[in-house]
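1. Next input, structure requested:
(one chain, ligands or ions: 1)
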Amino acid sequence: MTRYSRITGTGSYLPPNRLTNAQLAAELATRGVETSDEWIVERTGISARHFAAPDVTSSDLGLEAARRAIEAAGLQAADIDLIIVATSTPDMVFPSVACILQHKLGIAGCAAFDLQAVCSGFVYALSVADAMIKSGAASKALVVGAEVFSRILDFSDRTTCVLFGDGAGAVVLEASDTPGILASDLHADGRHVGILCVPGHVSGGQVLGSALLTMDGKAVFKLAVGVLESAARATLAKAELTEADIDWLIPHQANLRIMHSTAKKLKLPLEKLIVTVDQHGNTSAASIPLALDDAVRSGKVKKGDIVMLEGVGGGFTWGAVLLKY
Ligand code: UT7
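-> Residues are numbered from 1 along each chain as shown. Here you go, the predicted structure:
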């Protein structure tokens, strides 16, 4: 019998401190940085984001999301035999957030590692977990996207600091006789390393270079609209499906204009687009599982629905996972 993988539970968590655009703009004004609710909403679709308290880490946010996903799957933490965490804002240089999360879940022994593909991290991680389940290397995987992007924001740079937020999302992916993950398509183009990066690195006990995010927003925007369409089409072709088969499109939640353009290119009505960027901002690797969990818990995504997940971000990386929920 063919072995497939299927999502059996979703969970997410947002830190309680929610900042509206107006609140953020007022705070930035005290630093001499000018922005407005109007500009942020018009250019990005973002109205609010959540910021974690200073002592809260990606593994803390991931733990809450993971607990909810495990509960939704009807499992115990001890049932999990693989943990993959997609993050660009780990608790430490090493060990991985996945190992820290494993310990916080009160389990030990299963494989656990982080995957670094910036905002495409979750679709990369889901695709890797799917392959490991299909190969027999794992049966019950916990796949998490967890970020504290507020830690790497330059609050003197209005072109980036208004865009991002903190949060975590998780799914449990289990071996199944019937297909859940239908196809995936992953890509990277390292020629574009410089358009979205945190260039600093640790050397000799110090951080050399800037440890803050820098982005050429226009360059990212232009690349994103192209690759989100091509990745969706490639994934549909692998699954021998068409755009018309998609019930829900869940792209990386970075900018509503990019999301609308992707839906339009795929000839999907906007009603099929899951949008959480307005309330979460861009939470990088956490954005897709946060949006998926929101869509599942609000009753939009139902068992049997065909869902297209799409990531895009630093690297430059992009990819898609098509699944039957
Ligand atoms: O997670 C990875 C994926 N990341 C993305 O997908 C991000 C992709 N890029 C974008 O979403 C958009 O490029 C941005 C939202 C970052 C910027 O939008 P834009 O329409 O490309 O604006 P822009 O950079 O062309 O800036 C337009 C104007 C500029 O002023 P001038 O030069 O026209 O006078 C900026 O200085 O808006 C100004 N501006 C702001 N004004 C008020 C830039 N940021 C702000 C701000 N508040 N926060």
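2. contacting residues for the residue of the chain found nearest the ligand?
-> Residue nearest to the ligand within the chain (CB to the nearest ligand atom): G217, separated by 2.8 Å. All C-beta spots, glycine's among them, are computed from the backbone N, C-alpha and C. The contact partners of G217, taken as CB atoms under 8 Å, 6 or more residues apart in numbering, are T159, T160.
3. Ramachandran coordinates for I246?
-> phi -70, psi 120 (degrees, to the nearest 10).
4. Name the nearest residue to it, ignoring sequence neighbours.
-> Distances taken as CB to CB, 6 or more residues apart in numbering place M308 nearest to I246, at 5.1 Å, with adjacent residues excluded.
5. quick one: V123 and L309 touch, right?
-> Yes - taking CB atoms under 8 Å as the definition, V123 is a contact partner of L309 at 5.5 Å.
6. more crowded one of those two?
-> Remark: of V123 and L309, V123 carries more neighbours, 31 against 27, as counted by other CB atoms under 10 Å.
7. what about that one, which helix or strand?
-> If you go by DSSP states H and E, V123 is part of helix 121-135.
8. Give the pairing partners of whichever helix or strand comes after that helix; include direction for each.
-> Remark: after helix 121-135, the chain's next helix or strand is strand 140-148, criterion DSSP H and E. Here strand 140-148 is paired, per DSSP bridges, with strand 82-86 (parallel), strand 166-176 (antiparallel).
9. How about the residue nearest to I246: which residues does it bridge to?
-> According to DSSP bridges, beta-bridge pairing links M308 with L249, L322.
10. Who are the contact partners of it?
-> Residues near M308 by CB under 8 Å, 6+ apart: A232, T235, L236, I246, W248, L249, I250, A320, V321, L322.
11. okay if I get those residues as a markdown table plus pLDDT?
-> Formatted as a markdown table, the contacts of M308 follow (pLDDT from 0 to 100):
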| residue | pLDDT |
| --- | --- |
| A232 | 98 |
| T235 | 98 |
| L236 | 98 |
| I246 | 98 |
| W248 | 98 |
| L249 | 98 |
| I250 | 98 |
| A320 | 98 |
| V321 | 98 |
| L322 | 98 |
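12. quick one: buried residues of stretch 151-171?
-> For stretch 151-171, burial by neighbour count (16 or more other CB atoms under 10 Å) applies to 151-154, 158, 160-171.
13. Same check on stretch 250-261?
-> Those would be I250, P251, H252, Q253, A254, N255, L256, I258, M259, H260, S261, for stretch 250-261 by 16+ other CB under 10 Å.
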